[in-house]
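S.K.: structure of the sequence below:
(chains A and B)
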2 protein chains.
Amino acid sequence: MPTIPRLYVDNPLSEGAVLALGEEAANYLSRVLRLGIGGEARLFNGRDGEWLARIEAVGSRRIDLLLAQQTRAQPQGGGPGVTLLFAPVKKDETDLIVEKATELGAGAIWPVLTERTQTRTVRLDRFRKIALEAAEQTERLDLPEVAEVQALPRALEALGPGTALIYCDEAGDEAGDKSGAAWGGASGRAGPMLEVLQGLKGRDAAILVGPEGGFTPFERAGLRGRKDTFPVSLGPRILRAETAVVAALSLWQAVCGDWG
Amino acid sequence: MPTIPRLYVDNPLSEGAVLALGEEAANYLSRVLRLGIGGEARLFNGRDGEWLARIEAVGSRRIDLLLAQQTRAQPQGGGPGVTLLFAPVKKDETDLIVEKATELGAGAIWPVLTERTQTRTVRLDRFRKIALEAAEQTERLDLPEVAEVQALPRALEALGPGTALIYCDEAGDEAGDKSGAAWGGASGRAGPMLEVLQGLKGRDAAILVGPEGGFTPFERAGLRGRKDTFPVSLGPRILRAETAVVAALSLWQAVCGDWG
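M.R.: Numbering: from 1, shown residues only, chains lettered A, B, ... in the order given. So this is what the prediction gives:
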């Protein structure tokens, strides 16, 4: 059980360096955690791995830490990455999506506006704070990129060309579909996600989770028209957006990511 | 997109029957949703499938519904079931666990006390209400069984004899383990969950998620000593309990459950 507190910093990290951190770090380490001189923290910056640091001096608005040694190296390149595209929902659920995507190792988190997205303004600074805190807690060595909100077609254009787009296709509502089936799979629209992922090993991927009410027929047609796009289903029950995000990222990590 | 409201009721359901529902249903259908005579609702009771019903009469503390026709049959027996055993955590996160386990099709939800469980009192009536509302929303035809809180050893005894117990084994802290590895898999304790699940198809299963801080060496030894017990890992990052619950149930449904 790692119990040494873990902080993200912007500074470069190297052996023997002394970092002067500002008010927020000083407050957290010395007031909240009651650490004094000699107290230990672990620092990471997304580039230089993780370092064990010792408190050298504590001021009211500043704290100095000496970098003692690297405890984990920064992973180099490695496996494929996953980007989450999601339609913002209610505030608490949206916060949860950003937190959980960070815990589950998403490399990038992009809020997107779809036709049925109810929440059209998002607070990017809030998302970034949530992602940073989740990264500290979850023992990641990097931060996910959190992008500005953008319209779905723009987001799709911004994906890398070979990126496999996996979209979670809930109950369809195209004209002519009178089955009322809740599950895309029942009428052949989407394959079980586990099966689809088997064919996507080794490729960068983006996972798209829509808003309550799903995608419109127009959006669905546009998605199907995109090359390298894979509709998937997450079973016969209706999942809330935040549940679908966690389920889809978990399956991706288990099949294509670093859970193997 | 199913838009007809969906309600759980205790009553038997059969064609042509008229149900007199009480104040809560009357308030929800007539005041919250503003439905009047002729308005439609879908009813399920966990035994008789799902029925389309029409409002026949509305009173201030009572609403009468006529059962028009069965819209979905109750599934008969079918595949293996999954029980979730979890250590209660903070209130919001515990509520989330009960809600998400219901969405993800857990047949039973058992809060268990482990040595490091911080929250030792749970409100069963609250859990049952959350599970009921989640079942209504998620289009399930049954309710999960929500059990009284019990000590982990009692819960293990109460599992069916052939039930495969899958436990999410976070960072170990046995004496002699100085690796500091966050992931059980790194020192050979637990296998990747996806791989372990391949060997458990067709079997009833229970998934156990521990509290923050994980299991004690004593508990871990006890778990390993149990027949039909499988430690699994959910990757190299530290997951919060509610994230682990959603991830583990999603993988189980994808490999062994009804997401295929």
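
S.K.: going along the chain, name the strands of chain A.
M.R.: All strands of chain A, identified by DSSP state E, fall at A:6-8, A:18-21, A:40-44, A:50-58, A:63-72, A:82-86, A:108-113, A:145-146, A:150-151, A:164-168, A:191-192, A:205-209, A:229-233.

S.K.: okay if I get these as TSV plus mean pLDDT and mean neighbour count?
M.R.: Where C-beta positions appear, they are placed from N, C-alpha and C, glycine not excepted. Output for the strands of chain A, formatted as TSV (pLDDT from 0 to 100; neighbours: other CB atoms under 10 Å in any protein chain shown):
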stretch	mean pLDDT	mean neighbour count
strand A:6-8	95	18
strand A:18-21	96	16
strand A:40-44	97	20
strand A:50-58	97	18
strand A:63-72	96	17
strand A:82-86	98	26
strand A:108-113	97	22
strand A:145-146	96	18
strand A:150-151	96	14
strand A:164-168	95	23
strand A:191-192	92	18
strand A:205-209	98	26
strand A:229-233	93	21
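
S.K.: so for chain B, which of these sits nearest?
M.R.: strand A:191-192 (5.3 Å; CB to the nearest CB).

S.K.: is chain B within reach of the closest one?
M.R.: Yes - against chain B, strand A:191-192 shows contacts by CB under 8 Å from any CB of the partner chain at A:Pro192.

S.K.: by contact count, what packs against that strand?
M.R.: strand A:229-233 (3 or more CB pairs under 8 Å, 6 or more residues apart in numbering or on different chains; DSSP states H and E).

S.K.: paired strands for the strand it packs on, with orientation please.
M.R.: strand A:164-168 (parallel), strand A:191-192 (parallel) (DSSP bridges).

S.K.: so which of those gets nearest B:Ser60?
M.R.: Closest to B:Ser60 of the strands paired with strand A:229-233 is strand A:164-168 (CB to CB; 42.4 Å).

S.K.: if we can go back for a sec, what would the strands of chain A look like in a markdown table with distance to B:Thr114?
M.R.: Putting these into a markdown table (distance: least, CB to CB, whole Å) gives the following:
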| stretch | distance to B:Thr114 |
| --- | --- |
| strand A:6-8 | 25 |
| strand A:18-21 | 37 |
| strand A:40-44 | 27 |
| strand A:50-58 | 29 |
| strand A:63-72 | 29 |
| strand A:82-86 | 32 |
| strand A:108-113 | 33 |
| strand A:145-146 | 35 |
| strand A:150-151 | 44 |
| strand A:164-168 | 34 |
| strand A:191-192 | 34 |
| strand A:205-209 | 33 |
| strand A:229-233 | 35 |
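
S.K.: for the stretch 1-150 of chain A, just list every one of the helices.
M.R.: Listed in chain order, the helices of the stretch 1-150 of chain A (DSSP state H, counting those that start in this stretch) span residues A:23-26, A:91-103, A:124-138.

S.K.: neighbours around A:Gly257, how many?
M.R.: Burial of A:Gly257 is recorded as 23 neighbouring residues (other CB atoms under 10 Å in any protein chain shown).

S.K.: does chain B have contacts with the one helix or strand in chain A whose mean pLDDT sits lowest?
M.R.: Taking mean pLDDT, DSSP states H and E as the measure, chain A has helix A:217-225 as its least confident helix or strand, at a mean of 88. No - applying CB under 8 Å from any CB, one finds helix A:217-225 out of contact with chain B, separated by at least 11.4 Å.

S.K.: now stretch A:117-129
M.R.: No - Stretch A:117-129 is not in contact with chain B by CB under 8 Å from any CB; minimum separation 14.2 Å.

S.K.: CA atoms only: put that stretch into CSV for me.
M.R.: Extracted in CSV, the C-alpha atoms of stretch A:117-129 (Å, rounded to 0.1, in the frame of the first residue of the first chain):
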residue,chain,number,x,y,z
THR,A,117,-26.4,16.8,-25.8
GLN,A,118,-28.3,18.7,-23.1
THR,A,119,-25.3,20.3,-21.4
ARG,A,120,-23.5,22.6,-23.8
THR,A,121,-21.2,24.5,-21.5
VAL,A,122,-18.4,22.8,-19.7
ARG,A,123,-15.8,24.1,-17.3
LEU,A,124,-12.5,23.1,-18.7
ASP,A,125,-10.5,24.3,-15.6
ARG,A,126,-12.7,22.1,-13.4
PHE,A,127,-12.2,19.0,-15.7
ARG,A,128,-8.4,19.6,-15.6
LYS,A,129,-8.4,19.8,-11.8
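
S.K.: what does the stretch 151-260 of chain A put close to chain B?
M.R.: Proximity of the stretch 151-260 of chain A to chain B, by CB under 8 Å from any CB, involves residues A:171, A:173, A:180, A:182, A:192-195, A:213-214, A:233-240, A:243, A:246-247, A:250-251, A:253-255, A:257-260.

S.K.: out of the strands of chain A, which comes closest to B:Gln69?
M.R.: Comparison of the strands of chain A against B:Gln69 by CB to CB identifies strand A:229-233 as nearest, at 26.9 Å.

S.K.: contacting residues for A:Asp95?
M.R.: Shown in contact with A:Asp95 (CB atoms under 8 Å, 6 or more residues apart in numbering or on different chains): A:Arg126, A:Ile130.

S.K.: number of nearby residues for A:Glu15?
M.R.: Counted with other CB under 10 Å, the neighbours of A:Glu15 add up to 10.

S.K.: name all residues that make contact with it.
M.R.: A:Leu67, A:Ala68, A:Gln69, A:Gln70 are the contacts of A:Glu15 under CB under 8 Å, 6+ apart.

S.K.: what about the stretch 151-260 of chain A, any weak spots by pLDDT?
M.R.: Filtered on pLDDT under 70, the stretch 151-260 of chain A yields the residue ranges A:170-189.

S.K.: and the helices in it?
M.R.: A:152-158, A:193-198, A:217-225, A:241-255.

S.K.: pick the most deeply packed of those helices.
M.R.: When these are scored by mean count of other CB atoms under 10 Å in any protein chain shown, the highest mean neighbour count falls to helix A:241-255 (a mean of 26).

S.K.: got the domain ranges for chain A?
M.R.: A:6-72, A:82-255 (automatic domain parsing).

S.K.: dump these into JSON lines; add distance to B:Phe218 as well.
M.R.: Formatted as JSON lines, the domains of chain A follow (distance: least, CB to CB, whole Å):
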{"stretch": "domain A:6-72", "distance to B:Phe218": "28"}
{"stretch": "domain A:82-255", "distance to B:Phe218": "25"}
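
S.K.: can you pull the residues of the stretch 1-150 of chain A lying near chain B?
M.R.: Looking at chain B, the residues of the stretch 1-150 of chain A close enough under CB under 8 Å from any CB are A:Met1, A:Pro2, A:Thr71, A:Leu96, A:Lys100, A:Glu103, A:Leu104, A:Gly105, A:Gln137, A:Thr138, A:Glu139, A:Arg140.

S.K.: among those, who's most crowded?
M.R.: Neighbour max across the residues of the stretch 1-150 of chain A next to chain B (other CB under 10 Å) = A:Leu104, 28 neighbours.

S.K.: can you pull the phi/psi pair for it?
M.R.: Dihedral pair for A:Leu104: phi -90, psi 10, per degrees, to the nearest 10.
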